[in-house]
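Enquirer: 3D model of this:
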Amino acid sequence: MSDGKVQRRIRSYVLRTGRMTPGQERAFEENWARWGLEHGDGALDFDVCFGRPGPRVLEIGFGMGQSLVAMAAAAPEKNFVGIEVHKPGVGRLLHAMAADHVDNIRVYCHDAVEVLEDCIADASLDTVQVFFPDPWHKKRHHKRRLIQPDFVAQLTRKLKPGGILHLATDWENYAEQMMAVLSAAEGLSNQAGPGQFAPRPESRPLTKFEARGERLGHGVWDLLFQRD
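Expert: Residues are numbered from 1 along each chain as shown. Prediction:
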């Protein structure tokens, strides 16, 4: 018999209560029906959703979406799906897509773990990317970090053989944790060599925040691992 207790999953985010701007609200209202995806709809058929086949890229936690829109615009042959829990960021992404005439992104405004479990088939993705997730820099909060063994195992299952898991962080301690977790994960191989960080691929745009950090001498660490 159950003792009545349900183990709660530790979430890697706190939903901020920031309000959407009028422009974000308008972009959401005007474009969600066209580009939005609902977790409740279940398994996602990429080819039907995009109306064509193509390499499949999933980005988790795209923030305000600037780099995702830039990547999609630079690779129109690819089909991008973004996941972000914060509605203002989704509104900003939809606004940028409309303004820049970018049509090869679809978006979930939902918890990424649940989307992965319920909507994304195993061995269906060419690339998974997680850029600058919350570092939860206080040691007592490290358990909230997104990149943990169970989550990486879930991401690995969703990749096709030969698919790429691409992580990036500007927090050195988190980079070290990412390297340890990915290096220990079954079914993944470091493309830069054992224990080595990768140079930033040209496909990952340099954000304004990152460029400012570089000028101030701050580091950024990229990890590129391939599913065996």
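Enquirer: next SSE downstream of the worst-scoring helix or strand of the chain on mean pLDDT?
Expert: With mean pLDDT, DSSP states H and E as the measure, the helix or strand of the chain carrying the lowest mean pLDDT is helix 208-215 (a mean of 77). Moving toward the C-terminus from helix 208-215, the next helix or strand (DSSP states H and E) is strand 221-227.
Enquirer: hey, C-alpha coordinates of that following strand in CSV?
Expert: As requested, the backbone C-alpha atoms of strand 221-227 are provided in CSV (Å, rounded to 0.1, in the frame of the first residue of the first chain):
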residue,chain,number,x,y,z
TRP,A,221,32.1,26.5,-22.3
ASP,A,222,30.5,24.4,-25.1
LEU,A,223,30.1,20.6,-24.9
LEU,A,224,29.3,18.6,-28.0
PHE,A,225,28.5,14.9,-27.4
GLN,A,226,27.3,12.4,-30.0
ARG,A,227,24.9,9.5,-29.4
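Enquirer: now for the spatially most central residue of the chain: which residues touch it?
Expert: Residue closest to the mean C-alpha point of the chain, counted by C-alpha atoms, centre = their mean, is residue 60 at 1.7 Å. When the contact criterion is C-beta atoms under 8 Å, 6 or more residues apart in numbering, the partners of residue 60 are 83, 112, 128-130, 133, 146. All C-beta spots, glycine's among them, are computed from the backbone N, C-alpha and C.
Enquirer: isn't residue 65 up against residue 99?
Expert: No. Residue 65 is beyond contact range of residue 99, at 11.5 Å (criterion: C-beta atoms under 8 Å).
Enquirer: just the strands in the chain please.
Expert: In the chain, the segments counted as strands under DSSP state E are 36-37, 56-60, 79-83, 105-108, 125-131, 159-169, 188-190, 221-227.
Enquirer: between the ones you listed, which one is nearest to residue 200?
Expert: Taking C-beta to C-beta as the measure, the strands of the chain were each checked against residue 200, and strand 221-227 came out nearest at 5.2 Å.
Enquirer: tell me the angle the closest one makes with strand 159-169.
Expert: Angle between the axes of strand 221-227 and strand 159-169 is 170 degrees (criterion: axes from the mean of the first three to the mean of the last three C-alpha atoms, to 10 degrees).
Enquirer: let me know the angle separating strand 221-227 from strand 125-131.
Expert: Strand 221-227 and strand 125-131 meet at an angle of 160 degrees, taking the same axes, to 10 degrees as the criterion.
Enquirer: before we move on, back to that, need the strands of the chain in a markdown table with mean pLDDT and distance to residue 30, can you?
Expert: Written out in a markdown table, the entries for the strands of the chain read as follows (pLDDT from 0 to 100; distance: least, C-beta to C-beta, whole Å):
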| stretch | mean pLDDT | distance to residue 30 |
| --- | --- | --- |
| strand 36-37 | 98 | 11 |
| strand 56-60 | 98 | 22 |
| strand 79-83 | 98 | 18 |
| strand 105-108 | 98 | 14 |
| strand 125-131 | 97 | 27 |
| strand 159-169 | 97 | 31 |
| strand 188-190 | 98 | 40 |
| strand 221-227 | 97 | 35 |
